[in-house]
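**Student:** curious how this folds, go ahead:
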Amino acid sequence: MKFIYTLTAFAPLIAAIAAGFFGKRLGRTNSHRITIGGVALSFLLSCYAFTQVVLGDAPVFDESLYTWLISGDIRFEVGFLVDKLTVLMMLVVTFVSLMVHIYTIGYMEEDPGYQRFFAYISLFTFSMLMLVMSNNFLQLFFGWEAVGTVSYLLIGFWYKKETAIFANMKAFLVNRVGDFGFVLGIAAIVMYTNSLHYADAFAAGPSLVGETMSIFGNAEWQVLTVICILLFIGAMGKSAQAPLHVWLPDSMEGPTPISALIHAATMVTAGIFMVARMSPLFELSETALSFVLIIGAFTAFFMGLIGIVQNDIKRVVAYSTLSQLGYMTVALGVSAYSAAIFHLMTHAFFKALLFLAAGSVIIAMHHEQDIRKMGGLWRKMPITWFTSLIGSLALIGFPFFSGFFSKDVIIEAVHASNIPGANIAYWAVFGGVFVTAFYSFRMFFLVFHGKPRDQHAYDHAQESPKVVTLPLILLAIPSLVIGGLTVSTVVFGNYFDGIIFVDEAHDSVKEVASHFHGAIPFALHGFVTPVFFTAMAGVLTTVVFYLLAPGIPAFLDSKLGFFRRILENKYGFDDFNQAVFARGSIGLGKQLWQKGDVAVIDGALVNGSAKGVGALAGVARHLQSGMLFHYAFAMIIGLLVMLSWFFFV
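**Tutor:** Below is the predicted model:
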């Protein structure tokens with residue numbers, strides 16, 4: 001199996017190298033054939049690995065492929081850990097990536113960077129596979145940084161567009177903040193366990209309970225709490241949790257296919273996966289779990305609110321991603337790791353579907369992205385309309401759709417949890433149900449229903465080509481059925497036994513499982529729960545506001561414009577970062593330049609030393625007059641000094 005796993009990870013890399021370095025020779029068609037072929041091969045091999053590990057009960061693969069460096073007792077290796085969690089992530093990453101690759105043929109058809117884009121997204125897939133398949137922190141960090149690097153390239157893919165360059169630099173810098181914490185967390189693990197291997201770190205975890213370290217002054221900090229919080233700070237950057245979320249909405253400056261790949265299957269899910277993989281460590285620190293819970297609850301509710309006032313079709317979906325990542329993080333905080341991974345899986349399908357459907361609309365509207373200029377498109381784009389409806393219903397958690405099973409399990413698990421902060425988190429995720437339904441169907445109704453607001457664009461709109469609609473259909477299928485088919489096994493079964501560890505006192509999923517009697521009864525019961533009525537209230541509110549009485553939003557805006565401005569200003573996070581960090585850094589740089597570079601380095605050291613040498617030379621040159629009697633006189637004086645020293649000293 002070692003060869004199978006290695007080929008699964010490296011097939012997209014080989015394809016990326018071919019398209020990236022030889023794209024001009026290969027041409028557009030051969031470039032996309034090679035990259036799609038590489039990802040398709042990875043998907044098929046992932047399916048085979050899934051059947052062997054899950055259905056065939058193959059043993060867990062945990063081996064080193066290559067030893068890069070040995071320093072003392074620490075081995076720096078490239079290795080794979082393939083278990084049930086890994087193969088699930090491999091399937092999600094490769095399937096969604098394959099759909100995005102196929103979709104890209106139609107979306108990027110006329111772009112001059114066609115081959116380069118395919119090389120980047122194939123490289124993105126390789127990076128994520130290396131991350132999820134790693135068995136040690138060195139390779140985890142490699143994949144972690146690789147997805148960050150490729151996201152930088154893809155967000156700024158249109159490098160002549162100033163907003164795109166600003167966005168990719170913003171993503172790069174914000175993720176450096178999170179990655180700094182992540183590196184410190186890995187360093188602490190090495191310091192206290194003397195190993196980079198997962199198994200060694202997990203085995204050493206219980207022995208670190210009660211051990212403390214000093215960070216500031218004489219205060220003592222629990223070692224495991226510090227390690228887990230530092231690791232989670234890395235997850236806050238990658239999985240866009242407040243306050244390190246600010247890069248994700250701006251990532252919409254990249255082409256739509258990469259928006260789908262970043263938000264659904266690669267970069268933003270890395271942090272969720274990492275925390276779930278590190279469950280043996282997080283379960284030993286209730287303080288760290290509570291920290292994770294509160295951050296996730298804030299992100300789930302307040303980032304969803306911003307989606308209500310967005311008018312760019314891609315940014316609405318982007319803030320939806322922020323909110324749903326908050327739900328996953330909340331699940332991690334209440335030790336419902338299986339529910340978090342389950343929601344990661346279902347969300348990957350319906351969020352990729354919504355992004356690609358948004359791209360289909362953008363194509364039809366000739367790259368118009370303002371939903372206020374759309375309307376009535378269901379007549380022109382029936383496939384995009386129907387698949388968008390499936391994605392929207394899955395997003396709001398309508399019973400029997402995939403999102404229902406994963407989201408409702410999270411809400412119930414939070415309600416059953418005793419982790420500090422769970423009560424606050426419950427009302428945040430419960431309130432988020434209304435918010436999610438409102439912004440989702442606000443976008444859906446403004447785009448596809450009502451009267452056309454731009455008659456010219458509407459008249460020329462038409463359904464996207466098959467190469468675009470086929471991925472929509474293929475993504476709509478799991479968005480509809482995957483939740484019901486797998487909830488019994490993945491969340492309430494023994495799928496993660498021996499992989500994810502939950503302390504008995506934290507096991508909130510166990511409480512939910514006691515009321516679970518199968519997927520169909522669970523979904524039927526979903527029609528009579530407060531969560532369902534709250535979601536329907538959100539949908540009905542949008543029907544009234546945007547279909548029956550469209551004057552109401554304007555009236556409310558005139559009365560409550562202050563709240564709209566707060567949301568449009570994104571709670572001031574960007575302004576704060578601009579004022580404190582961006583301008584502060586520029587101001588500090590100017591001061592260092594003026595006081596340090598100009599005054600000290602240039603003034604004192606470079607120019608000062610030059611002036612000193614010049615002054616000394618100005619004095620010394622008077623000794624070189626060119627007259628013989630001056631030199632003779634100097635020699636006589638020197639001889640007298642030497643004789644005086646000899647006789648008297």
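**Student:** tell me the mean pLDDT for stretch 259-278?
**Tutor:** The average pLDDT for stretch 259-278 rounds to 87.
**Student:** what residues of that stretch count as buried?
**Tutor:** Going by neighbour count (16 or more other C-beta atoms under 10 Å), the buried part of stretch 259-278 is 259-278. All C-beta spots, glycine's among them, are computed from the backbone N, C-alpha and C.
**Student:** ends of stretch 505-523, how far apart?
**Tutor:** Stretch 505-523 has its terminal residues 28 Å apart, counting by C-alpha to C-alpha, to the nearest Å.
**Student:** swap that for stretch 564-574, sorry
**Tutor:** Taking C-alpha to C-alpha as the measure, stretch 564-574 stretches 16 Å from start to finish.
**Student:** quick one, phi/psi of residue 499?
**Tutor:** Torsion angles at residue 499 (phi, psi; degrees, to the nearest 10) stand at phi -110, psi -50.
**Student:** quick check: residue 487 vs residue 403, distance?
**Tutor:** Computed as C-beta to C-beta, to the nearest Å, the residue 487 to residue 403 distance reads 11 Å.
**Student:** then residue 155?
**Tutor:** Per C-beta to C-beta, residue 155 is found 26 Å from residue 403.
**Student:** show me what contacts residue 291?
**Tutor:** Going by C-beta atoms under 8 Å, 6 or more residues apart in numbering, residue 291 touches 229, 232, 333.
**Student:** center of the protein - which residue?
**Tutor:** residue 268 (2.4 Å; C-alpha atoms, centre = their mean).
**Student:** just checking, what packs against the helix or strand hosting that one?
**Tutor:** Element membership for residue 268 (DSSP states H and E) is helix 267-277. In terms of contacts (3 or more C-beta pairs under 8 Å, 6 or more residues apart in numbering; DSSP states H and E), helix 267-277 is packed against helix 84-107, helix 114-132, helix 137-155, helix 223-238, helix 313-333, helix 337-364.
**Student:** could those helices go into CSV alongside mean neighbour count, distance to residue 625 and mean pLDDT?
**Tutor:** Shown next, in CSV, are the helices and strands packed on helix 267-277 (neighbours: other C-beta atoms under 10 Å; distance: least, C-beta to C-beta, whole Å; pLDDT from 0 to 100):
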stretch, mean neighbour count, distance to residue 625, mean pLDDT
helix 84-107, 25, 82, 94
helix 114-132, 26, 71, 94
helix 137-155, 22, 67, 93
helix 223-238, 25, 71, 94
helix 313-333, 28, 80, 94
helix 337-364, 28, 85, 93
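**Student:** out of those, nearest to residue 470?
**Tutor:** Comparing the helices and strands packed on helix 267-277 against residue 470 with C-beta to C-beta, the closest turns out to be helix 84-107 (6.6 Å).
**Student:** just the angle between the closest one and helix 267-277, please?
**Tutor:** Here the directions of helix 84-107 and helix 267-277 differ by 180 degrees (axes from the mean of the first three to the mean of the last three C-alpha atoms, to 10 degrees).
**Student:** how far off helix 114-132 does helix 84-107 point, in degrees?
**Tutor:** Comparing the axes of helix 84-107 and helix 114-132 via the same axes, to 10 degrees yields an angle of 170 degrees.
**Student:** just how off-centre is helix 84-107 within its chain?
**Tutor:** 16 Å (C-alpha atoms, centre = their mean, to the nearest Å).
**Student:** one more: stretch 634-642?
**Tutor:** The gap between where stretch 634-642 is centred and where its chain is centred comes out at 81 Å by C-alpha atoms, centre = their mean.
**Student:** residue contacts, the residue nearest to the centre of the chain?
**Tutor:** Contacts here follow C-beta under 8 Å, 6+ apart; on that basis residue 268 touches 238-240, 248, 262, 321, 325.
**Student:** state which strand of the chain is the longest.
**Tutor:** Using DSSP state E, we find that the single longest strand of the chain is strand 61-71.
**Student:** which is the next helix or strand following it?
**Tutor:** The C-terminal neighbour of strand 61-71 among helices and strands, as given by DSSP H and E, is strand 74-82.
**Student:** pull out the buried residues from that next one.
**Tutor:** If you call a residue buried by 16+ other C-beta under 10 Å, then strand 74-82 has these buried ones: 75, 77-82.
**Student:** among those, show me the least confident.
**Tutor:** Minimum confidence in the buried residues of strand 74-82 sits at residue 75, scoring 88.
**Student:** pretty sure that one contacts residue 196?
**Tutor:** Yes - with contact defined as C-beta atoms under 8 Å, residue 75 counts as touching residue 196 (7.1 Å).
**Student:** could you list the low-confidence segments of the chain?
**Tutor:** Across the chain, the ranges flagged by pLDDT under 70 are 623, 649.
**Student:** which one of the buried residues of strand 74-82 sits closest to residue 646?
**Tutor:** Distance to residue 646 across the buried residues of strand 74-82 (C-beta to C-beta) is lowest for residue 75, with 71.0 Å.
**Student:** list the contacts for that closest one?
**Tutor:** 64, 67, 69, 195-197.
**Student:** just residue 323 next, same as before
**Tutor:** Contact criterion C-beta under 8 Å, 6+ apart gives 299-301, 303-304, 307, 432, 435-436 as the residues in contact with residue 323.
**Student:** what's the distance between residue 289 and residue 325?
**Tutor:** Between residue 289 and residue 325 the computed distance is 17 Å (C-beta to C-beta).
**Student:** check residue 505 too.
**Tutor:** In terms of C-beta to C-beta, residue 505 sits 26 Å off from residue 325.
**Student:** over to residue 238?
**Tutor:** Noted for residue 238: a distance of 10 Å to residue 325, by C-beta to C-beta.
**Student:** can you redo the contacts of residue 75 as CSV with neighbour count and distance to residue 129?
**Tutor:** What follows is the contacts of residue 75, written out as CSV (neighbours: other C-beta atoms under 10 Å; distance: C-beta to C-beta, whole Å):
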residue, neighbour count, distance to residue 129
64, 15, 17
67, 11, 21
69, 9, 23
195, 18, 24
196, 22, 19
197, 20, 19
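**Student:** now the residues you listed in CSV, with distance to residue 578?
**Tutor:** Rendered in CSV, the data for these read as follows (distance: C-beta to C-beta, whole Å):
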residue, distance to residue 578
64, 46
67, 46
69, 41
195, 42
196, 38
197, 42
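**Student:** quick one: which of the residues you listed is nearest residue 106?
**Tutor:** Out of those, the member with the shortest distance to residue 106 (by C-beta to C-beta) is residue 64, at 41.9 Å.
**Student:** is it true that the closest one touches residue 79?
**Tutor:** Yes - the pair residue 64 / residue 79 is scored as a contact, 4.0 Å apart, by C-beta under 8 Å.
**Student:** right, and the helix or strand after the helix or strand where residue 406 lies?
**Tutor:** Assigned by DSSP H and E, residue 406 falls within helix 402-416. Helices and strands here follow DSSP H and E; after helix 402-416, the next one along the chain is helix 422-448.
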